[in-house]
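S.K.: I would like the atomic coordinates for the input below:
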Amino acid sequence: MSTYIKQIENKTGDIIYPQTKVSAIYDTNNMNLQTILDTKIQPVTSRITLLSNGWNNNKQTLTVSGVTATNSLLVTPAPASIQVWQESGVRCISQSANTLIFECIMIPETEINVNVLIF
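M.R.: Next up, the predicted model:
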């Protein structure tokens, strides 16, 4: 390892290397990284239930606040519902404003609890 370390400064003259200081790192719009991190929208979690009598032509539509047509989602069965989810071939097939549409291969006989993480 070299004993010589060159300092790197940002646009405002703050030393950003070897110092680790997120408030000293700026993007191309001159906004510091700390401000960017503080203002980012945090993921939202939601738990919904697919009812056994809610299926129509092997599809079920549920309202989920915060879902848009373009945001990223992670949709998974709750641990107690994994087996029924898998056996029934359930999957989320569509998203739009506050709506998720699910499809199944075989209509489950019990309800399925689903966890939704919205980014």
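S.K.: This structure: strands as residue ranges?
M.R.: 8-9, 15-17, 44-50, 59-63, 73-77, 91-96, 99-103, 112-118 (DSSP state E).
S.K.: ok, now how distant is residue 11 from residue 27?
M.R.: Going from residue 11 to residue 27 by Cβ to Cβ, to the nearest Å gives 10 Å. Every residue, glycine included, has its C-beta placed from N, CA and C.
S.K.: picking up where we left off before, as CSV, the strands of the chain with mean neighbour count, mean pLDDT and distance to residue 38 would be great.
M.R.: Output for the strands of the chain, formatted as CSV (neighbours: other Cβ atoms under 10 Å; pLDDT from 0 to 100; distance: least, Cβ to Cβ, whole Å):
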stretch, mean neighbour count, mean pLDDT, distance to residue 38
strand 8-9, 12, 72, 23
strand 15-17, 14, 63, 18
strand 44-50, 15, 95, 17
strand 59-63, 15, 98, 31
strand 73-77, 16, 95, 23
strand 91-96, 14, 98, 28
strand 99-103, 17, 98, 30
strand 112-118, 19, 96, 20
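S.K.: what's the closest residue to residue 58 other than its chain neighbours in contact with, if anything?
M.R.: With sequence-adjacent residues excluded and distances taken as Cβ to Cβ, 6 or more residues apart in numbering, residue 58 is closest to residue 104, at 5.3 Å. Contacts for residue 104 (Cβ atoms under 8 Å, 6 or more residues apart in numbering) come out as 55, 58-60, 88-91.
S.K.: just those now: which is nearest residue 71?
M.R.: Proximity of these to residue 71 (Cβ to Cβ) peaks at residue 91, which lies at 18.1 Å.
S.K.: so the closest one makes contact with residue 102?
M.R.: Yes. Between residue 91 and residue 102 there is a contact at 6.9 Å, judged by Cβ atoms under 8 Å.
S.K.: Mind listing residues that contact stretch 62-73?
M.R.: Stretch 62-73 has contacts (Cβ under 8 Å, 6+ apart) with 44, 46, 48, 50, 92, 95-102, 116-119.
S.K.: No further questions, thank you.
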